[in-house]
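>>> Sequence plus the predicted model coming up.
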Amino acid sequence: MLQLSISGSDKCKICGESRNIILYTINQFDIIKCSQCDLVFTSIPEEFDLSEIYDESYFQGGQKFGYGNYAASEKVLRIEFRKSVRLIKKFISVKNKPKLLELGSAYGYFMDEVEQDFDCVGMELSETAINFARKRGHNVINDTYNENTSKSIGSIDVVAMFDVIEHLPDPISTLQLLNSHLNKDGIIIITTGNIDSFLARLMKKKWRLMTPPQHTFFFSKKTLSNIFRNMGYKIEILDSPWKNVPLGLAVYQLMTRMGFKLKISERLNRISLPINLFDTVRIVARKIH
């Protein structure tokens with residue numbers, strides 16, 4: 001039976017509605033659905049520090065919903081990021097080396113692929129990932145995108161968030177702040193889960209991306225496009241793309257969800273598995289004003 005949430009802390013970040021529906025309770029966290037605009041989000045207590053999730057273990061097989069061995073997956077991840085670079089270059093001229101900001105830059109593999117044509121800045125919370133990326137020569141800031149960091153970075157032409165927006169404590173405020181520093185005709189590219197997909201609706205609380213508190217927001221094509229249209233953006237792409245995934249990561253996440261803990265061979269992480277469960281969404285939105 002669905003319950004009603006009327007807590008002030010559970011107000012919808014898009015429309016401000018406070019009378020919302022509790023869909024599920026998972027890992028002791030309520031999953032809330034806005035009764036007005038359909039945004040789905042995790043009710044996170046104010047005292048809970050989300051940044052503590054992203055310690056050394058997150059990328060090295062120490063967390064149920066993290067990565068088995070991120071470093072060993074470099075080859076496959078860079079294949080996927082190359083596709084994203086080609087897509088970005090369809091919308092942005094690289095003649096004068098525009099500035100690109102990647103939120104959640106992890107080990108810097110995307111910046112490896114894009115740095116030839118763009119002036120890149122990364123932002124990441126994991127110190128392990130930051131040290132790895134900096135050793136590769138990347139400019140990575142150990143912080144969130146906030147008033148202070150946005151001023152130090154300055155104006156930008158491209159924002160990339162690959163499987164990141166669902167981890168943010170307040171993605172709407174982050175997007176609004178990014179908008180204030182994004183140049184006209186700049187783009188924001190986002191990939192995230194699609195809560196309105198057939199698989200998500202079928203699996204409900206057992207959906208593979210229903211993993212609070214790591215995932216704080218659950219978007220759909222409708223909610224994402226509404227956010228950008230409300231900011232006056234043009235939606236250039238809204239789709240559910242195929243993705244190259246390290247086979248080792250797929251096996252690791254499947255096994256951990258079944259309760260098994262095992263070490264995945266590095267060889268498996270170097271094998272690319274093309275996959276599309278049609279439960280993700282990619283959006284490319286252009287600032288036109």
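Received it, and whenever you're ready, just let me know what you need.
>>> quick one: Ile283 from Lys206, how far?
The gap separating Ile283 from Lys206 is 26 Å, by CB to CB, to the nearest Å. Heads up, the C-betas are built off the backbone N, CA and C, glycines and all.
>>> same thing with Asp279?
Distance from Asp279 to Lys206, by CB to CB: 12 Å.
>>> do Asn244 as well
For Asn244 relative to Lys206 (CB to CB), the value is 25 Å.
>>> out of these two, which sits in the busier spot?
More neighbours surround Asn244 than the other of Asn244 and Lys206, with 17 against 11 (other CB atoms under 10 Å).
>>> residues in contact with the more buried one?
Counting by CB atoms under 8 Å, 6 or more residues apart in numbering, Asn244 touches 76, 79-80, 83, 272-275.
>>> Selecting buried members of those in ChimeraX, what would you type?
Buried subset of the contacts of Asn244, written as a ChimeraX selection, criterion 16 or more other CB atoms under 10 Å:
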select :76,80,272
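>>> between the contacts of Asn244, which is closest to Thr211?
For the contacts of Asn244, the closest approach to Thr211 (CB to CB) belongs to Ile275, at 18.0 Å.
>>> what's the nearest residue to the closest one if we skip its chain neighbours?
Spatial nearest neighbour of Ile275, excluding adjacent residues (CB to CB, 6 or more residues apart in numbering): Val245 at 5.3 Å.
>>> Number of residues surrounding that neighbour?
Quick note: Val245 (other CB under 10 Å) scores 19 neighbours.
>>> tell me which element it falls in.
Counting by DSSP states H and E, the element that carries Val245 is strand 243-246.
>>> Can you name the element that comes right after the longest strand anywhere in the chain?
Counting by DSSP state E, the longest strand found in the chain is strand 182-193. Next in sequence after strand 182-193, counting helices and strands by DSSP H and E, comes helix 198-203.
>>> which helices and strands does that next one pack with?
For helix 198-203, there is no helix or strand it packs on, judged by 3 or more CB pairs under 8 Å, 6 or more residues apart in numbering; DSSP states H and E.
>>> Other residues contacting it?
If you take CB under 8 Å, 6+ apart as the criterion, helix 198-203 is touched by 193-194, 207, 209-210, 218, 277-279.
>>> Can you list the buried residues in that helix?
By 16+ other CB under 10 Å, the buried positions in helix 198-203 come out as Ala200.
>>> before we move on, back to that, among the contacts of Asn244, which are located in helices?
Those of the contacts of Asn244 mapping onto helices are 76, 79-80, 83, per DSSP state H.
>>> Identify, from those residues, the entry nearest to Met258.
So of these, ranked by how close each gets to Met258 (CB to CB), first place is Val76, at 22.7 Å.
>>> Tell me if I'm right that that closest one and Asn269 touch.
Yes. With contacts counted by CB atoms under 8 Å, Val76 reaches Asn269, the gap being 7.2 Å.
>>> Are there residues contacting both of these two? Which ones?
Counting by CB under 8 Å, 6+ apart, the contacts common to Val76 and Asn269 are Pro246.
>>> measure the residue most central in space within the chain to Lys184 for me?
Centroid-nearest residue in the chain, with CA atoms, centre = their mean: Val164, separated by 1.7 Å. From Val164 across to Lys184, the span is 24 Å (CB to CB).
>>> Format the CA atom coordinates belonging to stretch 49-59 as PDB.
Extracted as PDB, the C-alpha positions of stretch 49-59 are listed here (Å, rounded to 0.1, in the frame of the first residue of the first chain):
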ATOM      1  CA  ASP A  49      27.100  12.500   4.500                       C
ATOM      2  CA  LEU A  50      26.900  11.200   0.900                       C
ATOM      3  CA  SER A  51      30.600  11.900   0.300                       C
ATOM      4  CA  GLU A  52      31.600   9.100   2.600                       C
ATOM      5  CA  ILE A  53      30.300   6.600   0.100                       C
ATOM      6  CA  TYR A  54      33.100   7.400  -2.400                       C
ATOM      7  CA  ASP A  55      36.100   6.200  -0.600                       C
ATOM      8  CA  GLU A  56      38.900   4.000  -2.000                       C
ATOM      9  CA  SER A  57      36.700   0.900  -1.900                       C
ATOM     10  CA  TYR A  58      34.000   2.400  -4.300                       C
ATOM     11  CA  PHE A  59      36.200   1.800  -7.400                       C
END
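>>> tell me the domain ranges of this structure?
Domains of the chain are assigned by automatic domain parsing as 1-48, 53-287.
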